[in-house]
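>>> Give the three-dimensional model of this entry:
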Amino acid sequence: RTEFATRDIWNIAIKQPGANKKKKVKNFSTNMFGETIGRLHLEKQEIEKMGGKKGKALKLAEKIEKEEQGAQLESELGKEKGELQAEFKQAYGYTES
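A predicted model of the protein is given here:
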């Protein structure tokens, strides 16, 4: 052919469809057994915030720990209440009802 097509017809003629282009494969390799090995890039996971399956022993231990903490708080509150009542009696001469 001795004559080239117009610019817009030329662009349509040389355009390749996107389905024929291969996607570039990154971070993958094949070992000698034919298995594909690759590297995944993930954000760091916070394991402490993730929920998981807990056994009955852990649930029981947490329940006992909470009960102990509750009992300790109650005893501290009882002591503080007694101290406040003693101060009130000393300051005003009678106890609150």
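>>> so where's the longest helix in this structure?
Longest helix in the chain, counting residues (DSSP state H): helix 56-92.
>>> Can you classify residue 37 by secondary structure?
Recorded secondary structure, residue 37: strand (DSSP: H, G, I helix; E, B strand; the rest coil).
>>> Give me the residue ranges of the chain where confidence is low.
For the chain, the stretches flagged by pLDDT under 70 are 1, 97.
>>> ok, now with 90
Applying pLDDT under 90 to the chain flags the ranges 1-5, 13-30, 34, 36-62, 84-97.
>>> which residue of it sits farthest from its center?
The centre of the chain is farthest from one residue, residue 2, which by C-alpha atoms, centre = their mean lies 66.3 Å away.
>>> coming back round to it: quick one: the longest helix of the chain to chain centroid distance?
Counting by C-alpha atoms, centre = their mean, to the nearest Å, helix 56-92 is centred 34 Å from the centre of its parent chain.
>>> before we move on, what about stretch 46-63?
Here the centre of stretch 46-63 is set off from its chain's centre by 15 Å, with C-alpha atoms, centre = their mean.
>>> Residue 29 in helix, strand or coil?
Under three-state DSSP, residue 29 comes out as strand.
>>> which residues does it contact?
By C-beta atoms under 8 Å, 6 or more residues apart in numbering, the contact list for residue 29 reads 36, 37, 38. (C-beta placed from N, C-alpha, C; glycine too.)
>>> go with 6 Å
residue 37 (C-beta atoms under 6 Å, 6 or more residues apart in numbering).
>>> Who does it form a beta bridge with?
With DSSP bridges as the criterion, residue 29 is bridged to residue 37.
>>> how close does residue 61 get to residue 91?
Applying C-beta to C-beta, to the nearest Å, the value for residue 61 to residue 91 is 45 Å.
>>> Between those two, point out the one with more neighbours.
residue 61 (12 against 7; other C-beta atoms under 10 Å).
>>> what about residue 52, how many residues close to it?
Neighbour tally, residue 52, other C-beta under 10 Å: 5.
>>> can you give me phi and psi for it?
phi -150, psi 180 (degrees, to the nearest 10).
>>> Against residue 4, how distant is it?
Relative to residue 4, residue 52 is positioned 68 Å away (criterion: C-beta to C-beta).
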